[in-house]
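1. Provided below are the primary sequence and the corresponding predicted coordinates.
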Amino acid sequence: YFGLNKVTANVTISVPRADTSWMMTTDRCGGFRQSTYDNWVYYAVSLYNIWDKSKYYYCPAGYHWACTEEGNKIFKYYYCPAGYHWACTEEGNKIFKYNINWSGTYVYYSQCGWTGSRYRGMDRRFFRFRDSATTNAYKHVGNYDEHQVQHS
């Protein structure tokens, strides 16, 4: 699940403690890895690899579960075939290709003590957005951190 920092300016907000018992916290990142692409983004890992589309997954205090639109604004790059890391822009009738400086850091693949997309015998592949039940949007654990939001 995809979380963002909550920004407040000189305001104290009192909210009930959110139920984060759904979170897996035993990997080397406490199940809550900060993005290497955008330090406002954190990836929260579920105890289970079955997504309940009707459930609201609460984030730790100070964070919120981002919607697809927020993800699209942060992760703006275009998908290219395997082996190519280019973004394209059009100027007139010409297409110019610009090399994107990919970090080489995956969303969660082989991060924080995981072996690929597996941790403690369970395969986990997708980070969902708050509205993924309707948008089908996700971040895949095996894509580079800065890779755009995908849709199934």
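-> Good, I have the coordinates.

2. next, the buried residues of the helix of greatest length in the chain.
-> Counting residues, the longest helix found in the chain (DSSP state H) is helix 68-74. For helix 68-74, the neighbour count (16 or more other CB atoms under 10 Å) marks Thr68, Glu70, Gly71, Ile74 as buried. Bear in mind the C-beta positions are built from the backbone N, C-alpha and C, glycine included.

3. same question for stretch 18-25.
-> The neighbour-count check on stretch 18-25 (16+ other CB under 10 Å) flags Thr20, Trp22, Met23, Met24 as buried.

4. equivalent analysis for stretch 122-135, please.
-> Under the neighbour-count criterion of 16+ other CB under 10 Å, stretch 122-135 has Arg124, Phe126, Phe127, Arg128, Phe129, Arg130, Asp131, Ser132, Thr135 buried.

5. tally of neighbours for the residue nearest to the second one when sequence neighbours are not counted?
-> What that stands for is Phe126. Of all residues beyond its chain neighbours, the one nearest Phe126 is Tyr138 (4.4 Å), with distances taken as CB to CB, 6 or more residues apart in numbering. Tyr138 has 22 neighbouring residues, counting by other CB atoms under 10 Å.

6. one more: Val149?
-> Neighbours of Val149 using other CB under 10 Å come to 24.

7. what separation is there between it and Asp19?
-> Distance, Val149 to Asp19, using CB to CB, to the nearest Å: 26 Å.

8. next one: Ala61
-> Ala61 is 11 Å from Asp19, where distance means CB to CB.

9. check Tyr119 too.
-> Taken as CB to CB, the span from Tyr119 to Asp19 is 22 Å.

10. one more: Asn136?
-> Counting by CB to CB - Asn136 and Asp19 are separated by 26 Å.
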